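> here is the input, now give the coordinates:
(2 chains)
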Amino acid sequence: MIPEDVPAALVRRIVGRHGGDATRLLQILIDVQDETGWLAPGVITAVASALSIPRSRVEGVAGFYQFLHKQPVGRFHLLFADNITERMQGSVELMASLCSKLWVEPGRLSEDGLVSVGTTSCIGMGDQGPSLLVNGQPLTRLSHQRINQVAELIRREVPLPGWPAELFRVDDNIHRRDALLSLDMAPGAALRAAVALGRDGWMEQMRASNLRGRGGAGFTTAVKWMACRDAPGAEKVVVCNADEGEPGTFKDRVLLTRMADMLFEGMTLAAWAVGARRGFLYLRGEYRYLLAPLLEAIDLRRAENLLGRGILGAPGFDFDIEIHLGAGAYVCGEETALLESLEGKRGTPRIRPPFPVSHGYLGRPTVVNNVETLAKTCLIALHGGEAFAATGTAQSAGTKLLSISGDCAQPGIYEYPFGVPIERVLEDCGASDIQAVQVGGASGITLASYEFHRRIAFEDVPTAGAFMVFDSSRDLFDVARNFVDFFAHESCGFCTPCRVGTALLKKAMKKLAEGRGAKTDLADIEWIDRLLKNASHCGLGSAAPNPVVDTLLKFRPAYERRLQSLDFEPAFDLDAALAAARRASGRDDPAAHIGAEEADQKG
Amino acid sequence: MSKQFLFDGRPVAFEDGQTILQAARVAGHYIPHLCWHPDFPPHGSCKLCIVKVAGRHVSSCAMPAKEGMEVESNTPEINGERRALLQMLFVEGNHFCPSCEKSGNCQLQALAYDLEMTGERFAHFFPERPVDASHPDVLLDFNRCIFCELCVRASRDVDGKNVFALTERGINKHLVVNAESGRLADTDLAADDLAANICPVGVILKKRVGFAKPIGERTYDVKPIHLVAMEDGK
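Numbers count the residues shown, from 1 in each chain, chains lettered A, B, ... in the order given. Purely as a prediction, here's the structure:
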């Protein structure tokens, strides 16, 4: 329980700071929780009443995001990143070790309210894991020694600002630079070039560049921009999708760290082309530690008249950017779910059509672009569309940033022109004896060694940037199972196939992992895969079966050696279910167990 | 000459702005659905209304009809997938049809008969979903919820009360009511609100009128849902 005098006044103050605007509900809840620790029922009621919106709406939103808590959490709340690459680096053992040192069970709050420990999806630190978030701040390169250190700091209740800075160090790990990462641009240089071209001239350069979206879908950026520009409605909006949630991806984190100014310049270039006055950066909650430097970068640009009114003296060129935080929901990387979240709602993907370019944020024509896409527009403004189109491949112009993690000597960021073969990438990052690469994250494609001649490009192996490497010691079933659990955890639950299908897949993989599988289970898995792919409401559901489909096709023995029988095996353990009856009757003799008779006969 | 598309090989006329499902209904073709309701905009969550257009699956309740489209609906492939979606809904909740007050009036049950669902195929989840009997006139049995959000939409858009909402996500998503106590009695729901009368399954039930008509003589006991649905616009 929170003290009674806290909520109402505090909540009113925070809601006031947000102008009493219900579209800022998610931001308000994040701020309130910073003060109250968790969102108790009374706090939720207070938020609803301060905003004059139904309490049920606030509760709906509070329950949707993993980083909002409807139950109390510890004063130190730790979430281990649970992606497969972190597991390969020993995260499971480290978490068990920390829990035993602190006398706390995973997922439970310690009795004194001091600490709670759990897991979360990939936090974008795959190149320097194992990693965790403590009260939202990332800790990297965890080891047994660091876990001891952390346990001691928590036991002594040292506030986070007093923890050694080294624990929080996040490295960029850039190992290969090409056009984007080697660009050294003075703030405003690209914008000056575009303003000199005029809005139409600049759009023409974008069209000539053939730039395609770097978020995964690969839609032609200029087509999106033109559709937004030409859509009815005066108030256009530019949104940067910095909700980099795909497991194994962290290249946007590095761009946001090192090239934030170029990203904001890219957003401003988009605004110039489409005539937008308002911009949002939607920053995933896991990257909240970058919020302060990003806000500083925005302020600097305002001071230099690169944001605000009459940018660079161009009449009518008014544009500004605000940052919204996410709160632990992978699905918000889907652009319409992101827009819902920006409007302060649950991150449920919308029905399409209509598309965001005509009906986006608050129904206004909206461009939603990935961080890397927007940063690259600076290259186009500086060097021209044709120069950009001349690099990469015919259908995939320019370069691609890869986030490499897993079994390799040098994990980190690599920038290549599109068209680079997988085997070249593996060689460069120091990977040997590799049996598989997961390109594009959990929703991507699993490539077996006989496919390493294939190329990174929209027309061959498309990717948003994740590149996870697995050597021959790894079990591809464990990889697929990790991704299946991820999708079940991240499904928004809106549509039947994804809500139930991802949960059913999770159960089926657990059954196989426990050695209780049968051939019928593989048939069920393939059937669920098909329903997910065909009937899901959005890309999350239709991509959810990818890792299973691919590994079943290319690494089937990893599944088959787990099968108990080639016929049918129930998920239900009859003998275990009788445990309560045995306790009640005080019996535990062999005759009180199912299966004992058969064992006797065989014996 | 009005615009047309082909529905299972037969021409169907439509007007601009109509969805596939709407145009098909007008032409007398039934497409199974649970979350769609003629008085509300499309929702698109149950996915029972999936059809195939040019090799792609789409939700017919939400997809605008287009000239020359070829729509496949009543085919073994699509009906097989619809049956599996029903099976998913059955194993996700706790549906004990023989003891349910809604038996015979339940659209989920009726569709399962209509699509010849003879078993549940997948392992049950057996979720724990306590009932809420606090309200004097209305009982909530969450065990049967299929997340169509018709009560949410009716309460918000028609009754103007926002009594219902969904919280959590994924398989843990569930219905909540607009009260800090979490109890229906502490909301302003009235028994004659649209929200209290729109549930297609047996979550929202009126008290003291149970089993007024015996099971066996109810709506879908006497006529299959594909006929009933075309009569009254449900």
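
> center of the chain - which residue?
If you meant another chain, say so; for now it's chain A. Centroid-nearest residue in chain A, with C-alpha atoms, centre = their mean: A:G245, separated by 1.0 Å.

> wait, I meant chain B there
By C-alpha atoms, centre = their mean, the mean C-alpha position of chain B lies nearest to B:L34, the distance being 2.1 Å.

> next up, phi/psi of residue 135, please.
Reading this off chain A. Main-chain torsions, A:N135, degrees, to the nearest 10: phi 40, psi 40.

> about what we covered before: so the residue nearest to the centre of chain B: helix, strand or coil?
coil (DSSP: H, G, I helix; E, B strand; the rest coil).

> residues contacting it?
Applying C-beta atoms under 8 Å, 6 or more residues apart in numbering or on different chains to B:L34 gives the contacts B:46, B:48, B:89, B:107-108, B:111, B:146, B:148, B:200. The way it works is simple: take the backbone N, C-alpha and C, and place the C-beta from them, glycine included.

> now the residue of the stretch 151-300 of chain A found nearest chain B. Nearest residue, chain neighbours left out?
Closest to chain B within the stretch 151-300 of chain A is A:G245: 13.9 Å, counting by C-beta to the nearest C-beta. In this structure, A:G245 finds its nearest non-sequential neighbour in A:Y330, 3.9 Å apart by C-beta to C-beta, 6 or more residues apart in numbering or on different chains.

> tell me the SS of B:G182?
Following three-state DSSP, B:G182 is assigned to coil.

> neighbours of it, just the number please.
14 (other C-beta atoms under 10 Å in any protein chain shown).

> tell me who's in contact with it.
B:G182 is in contact with A:41, B:132, B:176, counting by C-beta under 8 Å, 6+ apart.

> would a markdown table of the residues you listed with pLDDT, secondary structure and neighbour count be doable?
Shown next, in a markdown table, are the contacts of B:G182 (pLDDT from 0 to 100; DSSP: H, G, I helix; E, B strand; the rest coil; neighbours: other C-beta atoms under 10 Å in any protein chain shown):
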| residue | pLDDT | secondary structure | neighbour count |
| --- | --- | --- | --- |
| A:P41 | 96 | helix | 17 |
| B:D132 | 98 | strand | 18 |
| B:V176 | 97 | strand | 19 |
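
> mind listing the strands for chain B?
Ranges of strands in chain B, per DSSP state E, are B:3-7, B:10-14, B:50-53, B:56-59, B:70-72, B:138-140, B:164-167, B:174-177, B:204-206.

> mind putting the ones you listed in CSV, distance to A:M125 included?
Formatted as CSV, the strands of chain B follow (distance: least, C-beta to C-beta, whole Å):
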stretch, distance to A:M125
strand B:3-7, 50
strand B:10-14, 52
strand B:50-53, 39
strand B:56-59, 37
strand B:70-72, 46
strand B:138-140, 43
strand B:164-167, 30
strand B:174-177, 33
strand B:204-206, 46
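
> which one of these lies nearest to A:P417?
Set against A:P417 and scored by C-beta to C-beta, the strands of chain B come closest in strand B:56-59, at 32.8 Å.

> is chain A within reach of the closest one?
Yes: for strand B:56-59 and chain A, the contact criterion (C-beta under 8 Å from any C-beta of the partner chain) is met by B:57, B:59.

> pLDDT at A:L563, what is it?
Model confidence at A:L563, given as pLDDT, is 87.

> count of residues packed around it?
18.

> just name whatever secondary elements the lowest-mean-pLDDT helix or strand in chain B is in contact with.
When the helices and strands of chain B are compared on mean pLDDT, DSSP states H and E, helix B:225-232 comes out lowest with a mean of 89. Here helix B:225-232 touches helix B:107-114, going by 3 or more C-beta pairs under 8 Å, 6 or more residues apart in numbering or on different chains; DSSP states H and E.

> could you check the angle helix B:225-232 makes with the helix it packs on?
Angle, helix B:107-114 to helix B:225-232, by axes from the mean of the first three to the mean of the last three C-alpha atoms, to 10 degrees: 130 degrees.

> can you give me the buried ones in helix B:107-114?
Neighbour counts over helix B:107-114 (16 or more other C-beta atoms under 10 Å in any protein chain shown) mark B:107-112, B:114 as buried.

> residues in contact with the residue nearest to the centre of chain A?
By C-beta under 8 Å, 6+ apart, the residues touching A:G245 are A:121-122, A:284, A:286, A:329-330, A:332-333, A:490.

> am I right that it falls within a strand?
No: applying three-state DSSP, one finds A:G245 to be coil, outside a strand.

> chain neighbours aside, what residue packs nearest to residue 84?
Just going to use chain A. Using C-beta to C-beta, 6+ apart and skipping residues adjacent in sequence, the residue nearest A:I84 is A:N482, 4.0 Å away.

> not quite, go with chain B.
Nearest non-adjacent residue to B:A84, counting by C-beta to C-beta, 6+ apart: A:L531, 5.5 Å away.

> packing partners of the host helix or strand of that neighbour?
Assigning secondary structure by DSSP states H and E places A:L531 in helix A:519-535. On a contact count with 3+ C-beta pairs under 8 Å, 6+ apart, helix A:519-535 meets helix A:496-513, helix A:539-543, helix A:546-554, strand A:563-565, helix B:76-92.

> rerun that using 6 Å as the cut-off
Judged by 3 or more C-beta pairs under 6 Å, 6 or more residues apart in numbering or on different chains; DSSP states H and E, the packing partners of helix A:519-535 are helix A:496-513.

> close to chain B, is the helix it packs on?
Yes: legend: contact between helix A:496-513 and chain B by C-beta under 6 Å from any C-beta of the partner chain is shown at A:496-497, A:499-500, A:503-504.

> tell me the domain boundaries of chain B?
B:3-74, B:96-231 (automatic domain parsing).

> please consider this matter closed, and thank you.
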